[in-house]
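Peer 1: generate coordinates for the sequence data below:
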Amino acid sequence: MKKHVMNKPQRGRVSSLALLGSPLLISVALIWTAGVLGIGVWRFIHKSSAQFTQADAMYPPETFAQVRNVPTGLFTYGGSPAWAPIRLQIDSAIQAERLEFQLRYVEPIQAPTGSESGIQMLMTDQLSLAQTARPLLDQEYRQAEQRGFTLKQIPIAIDGIAVAVNPELTVPGLTLDQLQGIYSGEITNWQAVGGPDLTITPYSRPIEAGGAVEFFSQEILGGEEFGWTVNFVDTTTQALRQLGETPGGIYYASAPTVVPQCSIRPLPLARKPGEFISPYQEPVVLPESCPQQRNQVNTEAFRTGQYPLTRYLYVAVKENGELAERAGKAYAEFLLTDQGQEAIARTGFVRIR
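Peer 2: Got it, this is the predicted structure:
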């Protein structure tokens, strides 16, 4: 029987068994193990970081104090008059809590105060951010591109357009078609829409004011010009004063501005006859009970879209990598915090989150 003889290792070669105990292999093994562990740790950290980033995006800041990347300085802003309740009640609270972030309201010099003028002032570096009550237009996006930057709009609340009349006028409400007839000049007497035999005196701010006027023009008049019967006023304050003095007067503006007023009567509106939705919460508060009690905005009807004339409010920002861009985005983030949205609801607008 032939005996099996294990061959001896040849000179100059190292056996695998010998290598297992060598310092060289131990070092290589340690390096390989450390590399594998390092890759695993990196993947874990990277995955955790990605998950944190996603979670952070899902849960935005709750308070003004938690908003990050807020620039330091004094920033100019302006735009739509519809934003007046926010400027009066919320902006001061933001500045009181975040002392590094201060705002200065600026009005246009040779143009009506509104979304239109605010956006133009933003594009010409007269404002750091603009408060608008309508979406940006295609022509405004093109103007920005021609100037070498882009525009961004950030929605922060839902608003509604309320129609108001003299408090003594008795009319159940108006359909959108009737409203179109009044502002196009086709309907000139309240008797034609269920009211008394009285001449209708429509008021509006000029189309150049933008915001509510542009929205009303598109939604009610289909972009056509106002009728010959319309009286143009510079401000909502002036128009509301005129309504109190004019038995047949009618005017429209942002609901939080109009609905609580004591000197006018907000009207229910309808898309179809008999389907009236009030811009105020029922029951209506009569003028003799005001100002001890005031009508409150029907936010639920605005939120669900039941009310016929609703729109968004936006913060418009110029994206050019400069400090003003950071200011605009920080301001929008303040308003989108839970604290900001709760304050927006208290002003009569509808929160969007």
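
Peer 1: and the longest strand along the chain, which strands flank it?
Peer 2: The longest strand of the chain (DSSP state E) is strand 150-165. In the sheet, strand 150-165 lines up against strand 249-254 (antiparallel), strand 265-267 (antiparallel), strand 310-319 (antiparallel), strand 350-351 (antiparallel) (DSSP bridges).

Peer 1: show residues contacting the helix or strand just after the first one.
Peer 2: Okay, so that is strand 249-254. Later in the chain than strand 249-254, the nearest helix or strand by DSSP states H and E is helix 255-258. Defining contact as Cβ atoms under 8 Å, 6 or more residues apart in numbering, one finds that helix 255-258 is touched by 81-82, 84-85, 159-162, 164, 236, 240, 251-252, 264, 266, 279, 297, 302, 347-349. All C-beta spots, glycine's among them, are computed from the backbone N, C-alpha and C.

Peer 1: hmm, 6 Å instead?
Peer 2: If you take Cβ atoms under 6 Å, 6 or more residues apart in numbering as the criterion, helix 255-258 is touched by 85, 160, 162, 164, 236, 266, 279, 297, 347, 348, 349.

Peer 1: closest to residue 321 among those residues?
Peer 2: residue 349 (31.0 Å; Cβ to Cβ).

Peer 1: isn't the closest one up against residue 156?
Peer 2: No: look at residue 349 against residue 156 with Cβ atoms under 6 Å: they stay out of range, at 8.6 Å.

Peer 1: tell me what residue 253 is bridged to.
Peer 2: Counting by DSSP bridges, residue 253 is bridged to residue 162.

Peer 1: so how far is residue 123 from it?
Peer 2: Plainly put, residue 253 is 25 Å away from residue 123 if you go by Cβ to Cβ, to the nearest Å.

Peer 1: check residue 344 too.
Peer 2: According to Cβ to Cβ, residue 344 stands 26 Å off from residue 123.

Peer 1: more crowded one of those two?
Peer 2: The neighbour comparison of residue 344 against residue 123 (other Cβ atoms under 10 Å) goes to residue 344, with 25 against 19.

Peer 1: that one falls within a helix, correct?
Peer 2: Yes: under DSSP: H, G, I helix; E, B strand; the rest coil, residue 344 falls within a helix.

Peer 1: need the per-residue pLDDT for the residue lying closest to it once chain neighbours are set aside.
Peer 2: Nearest residue to residue 344, sequence neighbours excluded (Cβ to Cβ, 6 or more residues apart in numbering): residue 157, at 4.9 Å. Note for residue 157: predicted pLDDT of 97.

Peer 1: low-confidence ranges in the protein?
Peer 2: Within the chain, the ranges that satisfy pLDDT under 70 run 1-59.
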